[in-house]
Structures are given as C-alpha cells and as structure tokens.
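Student: Have a look at this prediction, sequence included:
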Amino acid sequence: HGHGHDDDSHIEKRSQPGAPQPNPVDLSPLTWGDVNIIHTTDTHGWLSGHTKEASYSADFGDFSSFLYHMRQQAVHRRKDLLVVDSGDLHDGNGLGDASPVNGQYTRPIYQKINYDALAIGNHELYVNDVAENTYRQFAPGWGKRYLTSNVFIKDSLTNKTVPIGNLYNKFRLKFGTRVMSYGFLYNFKGAANNTVVEPSNFTVTLPWFQKSLKEDVDMYLIVGHVPIRWAEATAVVQAIRAAHPSKPIVVLGGHLHVRDFKVYDNRAFGLSSGRFMETLGWLSVDGIRDRACRVEANCVGKNLTVTRRYLDTNVYTYKKHSLAHPKQKFDTWKGRSITREIFKLRKTLNLSNTIGCAPQDYYLARYPYTDARSLLNLVANEVLPTAVVNASRPYPGVVIINSGSQRFDLFKGPFTLDDTYIVSPFHNDFVYATVPYSIASKMLTALNGAPFQKRGDDTPLPAYASNATLTPGYVTKDDYGYGGDDWAHSSIPYVPSPNYISSPLPTGLKDTDLVDVVWLSYFTNLVHPILKKLDPVNSYTTGIYRSDVDTNSMLLKFVKAKWTNTSC
Ligand SMILES: O=c1ccn([C@@H]2O[C@H](COP(=O)(O)O)[C@@H](O)[C@H]2O)c(=O)[nH]1
Ligand SMILES: [Zn+2]
Ligand SMILES: [Zn+2]
C-alpha cells in the first residue's frame, strides 16, 4: 500500500513535505444522478484513518469536511444526496477498542457525521454490554435513522424484546425523493444472549413489513450489514419486487469487507464499500422520479441509469471530488474539531506508543500462510509459541486459533499499542483439554474440515493490471466489470488461507503421550463435537489455559519479548 511511517501528528504533517501523500493522479469527476449515495461500511473504529498508508490517510474530520462540500454541491446541482453506513463500528482499531468501555469514545464521533441511514453490524452484537450500549447510547441519537428491521434486544429494564433501532423509516429528501428504508443484518448466529436476530426471509413476511410496502414512495433503500450477493439480501429485494414490479431498489451492503456492485434487475442494485475506512462508496441513480413510472407496470424492464465508484479515502480524493474550485478551503470548522478530538483521544489512549520494532512487513492475505511474509505464519510459529504456550505446564501444548481472529497487515517499523488492536482486536480466551497425542495431532485438520465460521466466499478478486507506475491497491471487478475504482491501482495479490492455524505440534511423542490442546473460547462449540468424534469413549474436561493472555494481549506480550529494539 505504499505506506510510510507516520504518527499522530499526520494531521499537521499532511501539508508538510515528506508526509505520506498519495501520488496525485487524474481522477475523473463523479457522475451525479437524481439520487446519489455516499456509503461507508465495516469501519471498525478506524476514525483516525490509516496512519501508515497514504492511500487511506484521511480521518473522520476530513470525512466530515468532505460531506459538507458534497452536500453543498448537491444543493447547487439540485440533486438529492444520502449518506449511509452499514455497521460494524467496533473491533479493529485502538480508538474504539482501547478505551475502558469498548466504543465509548468512537460512538460520539460517529454521531457527529450526519448519516441519513445506518444499519447494525454483527460487531455491535458479540458482547452483551456492547449491544446494550448500542441500544441505549447510540441508537437513540439517530432517531428513526438507525434501522434494525430484524435485530432485537431484551430491554434489561422492562424485560421486553424490542427492536434496537427502528424497523423502517419513510422520509423525504430535499429535492422531493420519497424513500422507504430498512436495515437488515445477515443471519448472524453468534449474537449475545440479550439479542435476537430474525432471518430476513421471515421478517419480510411479517404484517409490519407488508404494510410498509403499501406506502407511496419513489425508491426503496435497504441498508444492510449483509453481503449483497447473499440470500439474506436477495430475499428482501424479492419481497419488495413481488409488491412493486418496477420501483427502484438500492441495497447498501457490507460484512465481507470487499468492494462490490451487483445488478439484481434493471431497477435494483447493490453496492458494498470495503472496510476499515479505506473506501467510500459512491452510487448515483438517475430516472428515479420518472413520471411515466407512476403506473409501475409501464416501467418493468426499463433501465435506470446507475453509476458506482469506490473512492480511496485520502484528502486528495476528497478535495478533488468535493470542492467546486481547487483553491477553495477544504477543512471546515467542524471537520477540524473532529480531527483535533481524534488526535487528543489517541494521545490519552497512548495509541502511538511504540512497544517494539517490527523487522519486516507481515501480510494477512497477500502470501500463502507458509510464506515468511505471512502474518499468519508469524502468529502460528512465533507469537503462539512465545506468548501463549505455557512452559510451566506438565504437558507440551499446541495452540489453535481461527485465522479470522487476525484482521490486518503488520508493517515494518514501530509497532504501537494501536497495532495490537488493528492486527488482533478480539479478547478471546484460550481454553484447553489434555488429550493423547494421537488426538491432538488430528485436531487442526478436523477443524479445517468443520463448518465454516464465516466469509463464505473466499474466491480471490481477479487481478487485471500489473503496472510498476501505479500504487498497489484495490482492483475491483463487479457486475459492471472493471473501472469502479476511482484510483487506478496495480492489484495486490490475495491468497486464501486455512480457517484455523496452529502452533507447531510437539515432536517426538508417542500416540499415548499427553498434550494440552489449546483453542479459543470463540469456537469451543466446534471443538467439543470434534473431540467426541475423535474419542467417543473418553470425555475430556476443559478449562481456561491461561488467564493472563487473550488474542489481543498475546501480541503485546510477543512484541515485548521479541521485538525489544524500540529505535526504529
Ligand atoms: O470474538 C470474535 C469475533 C469475531 N471474530 C472474527 O471476525 C469475523 C467477523 O468479522 P466481520 O468484520 O463481521 O467480517 C468472524 O467470522 C471471526 O473470524 C473472532 O475471531 N472473534
Ligand atoms: Zn466487518
Ligand atoms: Zn460483519
């Protein structure tokens, strides 16, 4: 990603020579339609922007300034503009995760962005307290704009099960477009026990949903923490289509962390806008308030004019697309104050404190996990043996983790407290059972054959350009083909890895020798049936392997032990 190594002062440094800057390129102007949408998803607390990658270095203050200018443009052009977020605000960055209560500092900053519609993500629902805080402290601030059509919480005061946000919201945009909006979460099975996720194909049969389809509107907006190609999304599109043969439908999805665009039919489209504040999605739709379509039957099969664009989140991009004149001042007062607030919070949380020096880059998915440049290789062969395997136990140990617990690349140079959350944000405990070696040695293979924890579709994104003059980045192929990426990039390879990886198996043991098999509490439900299958006769007791380390702190522990040189 052409990263340089910046620190928190990137805000001031941005304008100084030597600060990481994307290479200026010619970006083609955005196409505007009757209705235009700016979309974020899976931001996971990355409000500071990427301090080590110039391409994605804009922070939420810059985003706020960008939105101000885009809204000005919309008014000037007499076009409607919507700003939408598809959830997953927690887990993945120190700003959200290093605070005493997860999200306590990030929630108020999200609240400063004038989103028109938001959906809830699965990362708002793993932990009871996070779900409760989302319900009590986040949803109310948005009024009807926080949409949870199929996600409910048991209110701890009333004991009633209620939607966390609003089931739907009908509203009118500045230039008259009438919108019916819903918020859907995919069929998430791991939600905290104070919450309920309803399958979307059931929700759409309910009386409230069917009744909402009778309202007179110009378009449907499905904000979803749902991959746009999954059945959970198509079920909602089909339910609307069944009642409205030609009404425009837009799905703004997420969860898979990819850039994608799907054409459901001539008048229904889906957009997905990446992850970690690397991407702003842009969608323009023209032809929405076509008078001829008042009788819907007239417009079945009639094309809407739709464009999509995936913007890299840097200030150069923001200025280029939002300013009416290149010399116009970009930073707004509000944007600056958000930037300052983020800067202060990062200081308070010590996020830029260097814990040690990474000797090289380690990539999450660029190389096979057996490669020395693979992060999963580092974790399996160095982090787990150093920071998790407990030498004082009477038995040797083998530690298995889900590769999905590791979330981002680790770059050469200063390794900060922030990086512990960026790379490995979860606080999953290590649990164990002492079993014969013959069983321990089969666990990893068995887990990798077990039902999948997530992702579903790991097909690598195709690469089409390899050009030394371009910076590496996203090269996206979607239902409109190539060309959606705002910046032309050379593509970064994507190599799938196994779902589970482990520290090296202890060597020189007999089948009957005892071994501690260690795994994460996160996937205990998969381990128990495997143990039972491998050894139907005996049952093994499980317990916490060590109470002093979890998936987040293991990295801190490893770096403190092995990457001690702090002058980098
Ligand atoms: O406690 C946890 C929670 C989640 N994971 C991993 O994260 C993904 C889901 O992340 P998205 O951002 O929603 O894609 C899940 O499949 C796990 O791989 C975890 O490891 N521990
Ligand atoms: Zn996510
Ligand atoms: Zn998700």
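Tutor: That came through, no problem. Ligands and ions are numbered 1, 2, ... in the order given.

Student: Name the helix or strand of the protein that has the lowest mean pLDDT.
Tutor: When the helices and strands of the chain are scored by mean pLDDT, DSSP states H and E, helix 10-13 comes last with a mean of 34.

Student: Tell me the first helix or strand C-terminal of that helix.
Tutor: strand 35-40 (DSSP states H and E).

Student: counting contacts, what elements does that next one pack onto?
Tutor: Under the contact criterion of 3 or more Cβ pairs under 8 Å, 6 or more residues apart in numbering; DSSP states H and E, strand 35-40 touches helix 60-77, strand 80-85, strand 249-253, strand 268-273, strand 279-286. Placement of C-beta: from N, CA and C, glycine included.

Student: and the last one, C-alpha only, in PDB?
Tutor: Right, strand 279-286. Extracted C-alpha coordinates of strand 279-286, given in PDB (Å, rounded to 0.1, in the frame of the first residue of the first chain):
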ATOM      1  CA  THR A 279     -13.300   3.100   0.800                       C
ATOM      2  CA  LEU A 280     -16.100   5.500   0.300                       C
ATOM      3  CA  GLY A 281     -18.700   4.000  -2.000                       C
ATOM      4  CA  TRP A 282     -20.500   6.300  -4.400                       C
ATOM      5  CA  LEU A 283     -23.700   5.400  -6.200                       C
ATOM      6  CA  SER A 284     -25.700   7.600  -8.500                       C
ATOM      7  CA  VAL A 285     -29.200   6.700  -9.700                       C
ATOM      8  CA  ASP A 286     -30.900   8.600 -12.500                       C
END
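
Student: Just checking: what are the partner strands of it?
Tutor: In the sheet, strand 279-286 lines up against strand 35-40 (antiparallel), strand 305-312 (antiparallel) (DSSP bridges).

Student: Repeat that for the fourth one.
Tutor: Strand 268-273 has these partner strands in its sheet, going by DSSP bridges: strand 249-253 (parallel), strand 259-265 (antiparallel).

Student: check whether the shortest one contacts ligand 2.
Tutor: I take that to be strand 249-253. No. Strand 249-253 is not in contact with ligand 2 by Cβ under 5 Å from the ion; minimum separation 11.4 Å.

Student: what inclination does that strand have with respect to strand 80-85?
Tutor: Here the directions of strand 249-253 and strand 80-85 differ by 30 degrees (axes from the mean of the first three to the mean of the last three Cα atoms, to 10 degrees).

Student: ok, now the longest one?
Tutor: Between the direction of strand 259-265 and that of strand 80-85, the angle (the same axes, to 10 degrees) works out to 120 degrees.

Student: Is strand 259-265 positioned near ligand 1?
Tutor: No. Strand 259-265 lies out of reach of ligand 1 by Cβ under 6 Å from any ligand atom, never closer than 13.9 Å.

Student: contacting residues around that strand?
Tutor: 227-229, 234, 237, 241, 249, 251, 253, 269-274, 279, 281, 308, 310, 474, 476, 478-480, 484-485 (Cβ atoms under 8 Å, 6 or more residues apart in numbering).

Student: Now it - C-alpha only, CSV.
Tutor: Extracted in CSV, the C-alpha atoms of strand 259-265 (Å, rounded to 0.1, in the frame of the first residue of the first chain):
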residue,chain,number,x,y,z
ARG,A,259,-15.8,-3.6,-2.9
ASP,A,260,-18.6,-4.9,-4.9
PHE,A,261,-21.6,-3.9,-7.0
LYS,A,262,-24.5,-6.1,-8.1
VAL,A,263,-27.3,-5.7,-10.6
TYR,A,264,-30.4,-7.6,-9.3
ASP,A,265,-32.5,-6.4,-12.3
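
Student: pLDDT score assigned to residue 22?
Tutor: With respect to pLDDT, residue 22 has a value of 58.

Student: Next, count neighbours for the residue of the stretch 151-300 of the chain found nearest ligand 3.
Tutor: Nearest to ligand 3 in the stretch 151-300 of the chain, going by Cβ to the ion, is residue 255, at a distance of 3.9 Å. Close neighbours of residue 255, defined as other Cβ atoms under 10 Å, add up to 28.

Student: Residue 161 too?
Tutor: 12.

Student: swap in residue 385?
Tutor: Residues near residue 385, counting by other Cβ under 10 Å: 16.

Student: Contacts only, for it.
Tutor: Residue 385 neighbours (Cβ under 8 Å, 6+ apart): 399, 503, 504.

Student: doesn't residue 390 make contact with the second one?
Tutor: Which is residue 503. No. Counting by Cβ atoms under 8 Å, residue 503 stays clear of residue 390, with 11.6 Å between them.

Student: who's more crowded, these two?
Tutor: residue 503 (22 against 17).

Student: Distance check, the spatially closest residue to that one that is not a sequence neighbour against ligand 1.
Tutor: The shortest distance from residue 503 to any non-neighbouring residue, by Cβ to Cβ, 6 or more residues apart in numbering, is to residue 384 (3.8 Å). Distance, residue 384 to ligand 1, using Cβ to the nearest ligand atom, to the nearest Å: 15 Å.

Student: Could you do residue 560 as well?
Tutor: Taken as Cβ to the nearest ligand atom, the span from residue 560 to ligand 1 is 23 Å.

Student: Just the pLDDT at that residue, thanks.
Tutor: Residue 560 carries a pLDDT score of 97 in this model.
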